[in-house]
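[1] got a sequence here, can you build the structure:
(one chain, ligands or ions: 1)
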Amino acid sequence: MKTVSVVCAWVMRADGRILLVRKANTALFLFPGGKPEPGETAEETLRREIVEELGCALRFEHDRWPGDVLRAPAANEAGFDVEATLLQVELDGLFSARAEIAEIAWMDRAGRDDDGRLLPCAPLTDVAWSAYDGWMISAKSSARRA
Ligand SMILES: Nc1nc2c([nH]c(=O)n2[C@H]2C[C@H](O)[C@@H](COP(=O)(O)OP(=O)(O)OP(=O)(O)O)O2)c(=O)[nH]1
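    Numbers count the residues shown, from 1 in each chain. Alright, predicted model coming up:
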């Protein structure tokens with residue numbers, strides 16, 4: 001299987017919804033982010049992509065879900081898997097849809113946006129929710145053991 005590598009942002013609102021974007025002329029909602037340029041660290045890629053897509057800076061929190069490298073069928077490239085480095089971050093400052101972003105949405109665990117609309121999502125979204133749930137379960141059981 002051919003692979004496309006991306007770095008993506010897991011941005012969780014206080015009510016537990018996560019931020020997704022839909023790019024112009026595409027149907028599926030995705031995590032903000034994109035492909036690294038040569039020589040960039042994951043953090044540099046994400047800062048650049050978020051400025052391009054949402055026009056704001058990022059904060060990297062250290063006491064949150066450390067994120068993961070996740071694999072799923074690629075949303076917009078037939079025959080490719082996406083290998084995504086997903087980093088939990090917070091947006092710093094006002095943000096809005098820029099450049100190629102057609103829509104921004106906050107998705108809940110049931111896949112709905114703030115208006116109750118069921119969002120069509122890239123396969124990576126489900127994989128990421130499952131990884132996050134797994135981390136939450138293990139974080140709670142270590143807290144109980146402590
Ligand atoms: N950003 C992002 N891309 C995803 C996700 N899930 C998923 O399958 N992909 C796929 C879609 C595309 O096939 C690929 C990202 O390519 P892209 O074209 O959006 O990346 P980019 O912004 O760096 O654009 P470019 O360099 O090709 O101009 O990864 C996701 O959650 N976020």
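[2] by proximity to the ligand, which residue of this structure wins?
    Of the residues in the chain, the one nearest the ligand is Gly34, at a distance of 2.7 Å by C-beta to the nearest ligand atom. Any C-beta I mention is one placed from the backbone N, CA and C, and that applies to glycine too.
[3] which ones are touching the closest residue to that residue other than its chain neighbours?
    Residue nearest to Gly34 in three dimensions, not counting chain neighbours: Glu49, with 4.4 Å by C-beta to C-beta, 6 or more residues apart in numbering. Shown in contact with Glu49 (C-beta atoms under 8 Å, 6 or more residues apart in numbering): 7, 9, 32-34.
[4] quick one: buried residues of the strand or helix carrying Thr85?
    Counting by DSSP states H and E, the element that carries Thr85 is strand 80-92. Neighbour-count burial for strand 80-92 flags 81-82, 84-89, 91 (criterion: 16 or more other C-beta atoms under 10 Å).
[5] the residue of the chain closest to the ligand against Ala42, yeah?
    No: proximity of Gly34 to Ala42 does not meet the contact threshold set by C-beta atoms under 8 Å, at 11.6 Å.
[6] what do these two both touch?
    Val7.
[7] phi and psi next, for the residue nearest to Gly34.
    Main-chain dihedrals, Glu49, degrees, to the nearest 10: phi -60, psi -40.
[8] give the pairing partners of the helix or strand just after the strand holding Thr85; include direction for each.
    Once the chain leaves strand 80-92, the next helix or strand it forms, by DSSP H and E, is strand 101-107. Strand 101-107 sits in its sheet next to strand 18-23 (antiparallel), going by DSSP bridges.
[9] return the member of the contacts of Glu49 nearest to Val21.
    For those, the minimum distance to Val21 (C-beta to C-beta) is 5.1 Å, reached by Pro32.
[10] next, the contact list for the closest one, please.
    With contacts defined as C-beta under 8 Å, 6+ apart, the neighbours of Pro32 are 8-9, 11, 19-21, 49-50, 53-54, 101.
[11] run the last query once more with 10 Å
    Residues in contact with Pro32, defined by C-beta atoms under 10 Å, 6 or more residues apart in numbering, are 7-11, 19-21, 23, 46, 49-50, 52-54, 58, 89, 91, 95, 101, 104.
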